[in-house]
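K.L.:
Provided below for reference: sequence and predicted model.
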Amino acid sequence: MQGKRILLGVTGGIAAYKSPDLVRRLREHGAEVQVVMTAAAREFVTATTFQAVSGRPVRTDLWDAAAEAAMGHIELARWAQLVLIAPASADFLARLAAGHADDLLSTLCLATEAPIAVAPAMNRVMWANAATRANVATLLQRNVQVLGPAEGDQACGEVGAGRMLEPLELADRAGIMLLGGGPLQGRRVLITAGPTRERIDPVRFISNRSSGKMGFAVAQAAREAGAEVVLVSGPVSLPTPAAVRRIDVESAADMLNAVLGEVDRTDIFISTAAVADYRPAAAAEQKIKKTSDRMDLSMERTADVLATVAARPNRPFVVGFAAETESVEQHARAKLLKKNLDMIAANEVGHDKAFDCEDNQLIVLWRAGRRDLARASKLTLARQLVALIAESYLVARTGIVQRGSALA
Ligand code: CTP
């Protein structure tokens with residue numbers, strides 16, 4: 001970010017107390033940061049604080065004659081290479097979506113040609129409100145990047161989605177935006193995630209312990225790498241990563257249908273879902289009553305979504321996952337060959353490993369090589385995996401291995 005010019009908008013929310021730290025993180029990366037505060041933001045943090053950490057006078061007012069004489073708001077809008085608004089309150093998202101220009105920050109957003117990113121922070125009910133959802137959808141359509149929010153404890157005492165992302169993560173995401181492009185720019189990536197549910201009767205199903213976290217992290221990482229991302233997800237309780245299109249499904253058959261409906265324009269298919277291998281041969285129409293001491297359930301095989309995609313004539317670059325309890329690498333390599341995959345990411349499961357955990361470790365295999373990705377958070381691993389996939393995809397298309405490539 002050396003020498004990059006970031007305009008940091010601070011709006012009125014309690015998370016504004018973290019924004020001075022964000023300024024410091026951005027400056028540590030070498031960026032120049034000009035802070036613009038709304039009137040409400042000044043109820044939470046003073047301009048003096050931001051001036052001290054940014055090393056620049058803070059701009060607050062569209063009508064400040066002295067500040068306008070030094071650098072007018074249109075010049076300021078041109079100066080910015082990235083506009084980052086953190087925290088972005090529900091009110092500011094609404095005004096941005098509506099195109100208001102009644103204070104300095106909203107005017108700058110309308111007058112700039114730089115990319116805009118917002119880091120929403122608000123009470124979870126305000127975030128879930130249909131009005132906020134509609135505003136965010138409008139902003140996403142206009143290519144505004146929505147960073148977060150995260151889930152967790154809120155200042156209001158509630159727990160849920162609405163926390164501003166941490167300054168460290170926001171600084172990283174700003175860096176990615178400023179680099180522009182990204183290795184998957186212009187590519188379309190289709191990802192499956194989560195478990196499937198196979199119906200036994202109207203109230204019961206067979207499923208597994210997959211939380212979907214790895215697949216959602218891969219979707220976020222692919223989006224950060226510049227790809228257009230479609231995420232086909234089984235039933236999970238996770239928020240959709242920003243600017244990712246999500247299709248919710250329930251059974252293996254639904255997942256196959258959704259994937260086949262999307263796969264045609266796909267460049268890369270990543271199959272992280274823990275798809276059921278068997279389903280009850282016939283789901284009962286009515287709730288099954290207990291009538292005897294034993295009950296036998298007849299099961300039949302489901303379609304293999306990954307193998308079906310890999311067997312298509314004009315198939316995308318195909319990446320599978322393997323969850324194994326023993327001989328991880330050996331079994332995963334056998335799957336790579338059997339299912340005719342381009343790459344497979346294998347992890348050990350069971351004994352409290354991988355499923356429903358925050359972190360993981362992976363062995364990534366392709367025909368000519370392998371790479372160990374050491375234990376880390378699922379998002380860190382997902383970013384490393386996506387970088388490998390992007391390189392490998394390029395090699396598959398061009399036949400050229402870049403010097404210094406991890407694949408060499
Ligand atoms: N997969 C799939 N559809 C299925 C089953 C699996 O798309 N019906 C995908 C998973 O998303 C994963 C990969 O296949 O990417 C590995 O699945 P796994 O069930 O571990 O492999 P199998 O070949 O079914 O082997 P196993 O006997 O270990 O179950």
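P.N.:
Nice, I can see it.
K.L.:
quick one: the helices in this structure?
P.N.:
Taking DSSP state H to define them, one finds helices in the chain at 19-28, 47-54, 65-70, 73-79, 90-98, 104-111, 124-128, 130-141, 167-179, 213-224, 252-262, 305-310, 328-338, 378-398.
K.L.:
Tell me the residues of this structure that contact the ligand?
P.N.:
Residues of the chain lying close to the ligand by CB under 6 Å from any ligand atom are 192, 252, 271, 273, 275, 277, 302, 304-306, 320-323, 335. C-beta coordinates here come from the backbone N, C-alpha and C atoms, glycine included.
K.L.:
re earlier: which of the helices of the chain has the highest mean neighbour count?
P.N.:
Compared across those, helix 213-224 shows the largest average neighbour count, a mean of 27 (mean count of other CB atoms under 10 Å).
K.L.:
Determine how far the last residue of stretch 237-246 lies from the first.
P.N.:
13 Å (CA to CA, to the nearest Å).
K.L.:
List the buried residues of that stretch.
P.N.:
Across stretch 237-246, burial judged by 16 or more other CB atoms under 10 Å covers 238, 241-244, 246.
K.L.:
Closest one of these to residue 55?
P.N.:
Nearest to residue 55 among these: residue 242, at 30.2 Å, using CB to CB.
K.L.:
For the ligand, see how far away residue 51 is.
P.N.:
For residue 51, the distance to the ligand equals 52 Å [CB to the nearest ligand atom, to the nearest Å].
K.L.:
now stretch 25-36, how far from the centre of its chain.
P.N.:
Counting by CA atoms, centre = their mean, to the nearest Å, stretch 25-36 is centred 24 Å from the centre of its parent chain.
K.L.:
ok, now stretch 264-284?
P.N.:
21 Å.
K.L.:
what mean pLDDT does that stretch have?
P.N.:
The average pLDDT within stretch 264-284 is 96.
K.L.:
Could you check which residue of the stretch 51-200 of the chain lies nearest the ligand?
P.N.:
residue 192 (6.0 Å; CB to the nearest ligand atom).
K.L.:
Need phi/psi at the nearest residue to that residue once chain neighbours are set aside.
P.N.:
In this structure, residue 192 finds its nearest non-sequential neighbour in residue 273, 3.7 Å apart by CB to CB, 6 or more residues apart in numbering. Phi and psi for residue 273, reported as degrees, to the nearest 10, are phi -70, psi 150.
K.L.:
Contact partners for residue 273?
P.N.:
192-196, 210, 215, 232-234, 255, 305 (CB atoms under 8 Å, 6 or more residues apart in numbering).
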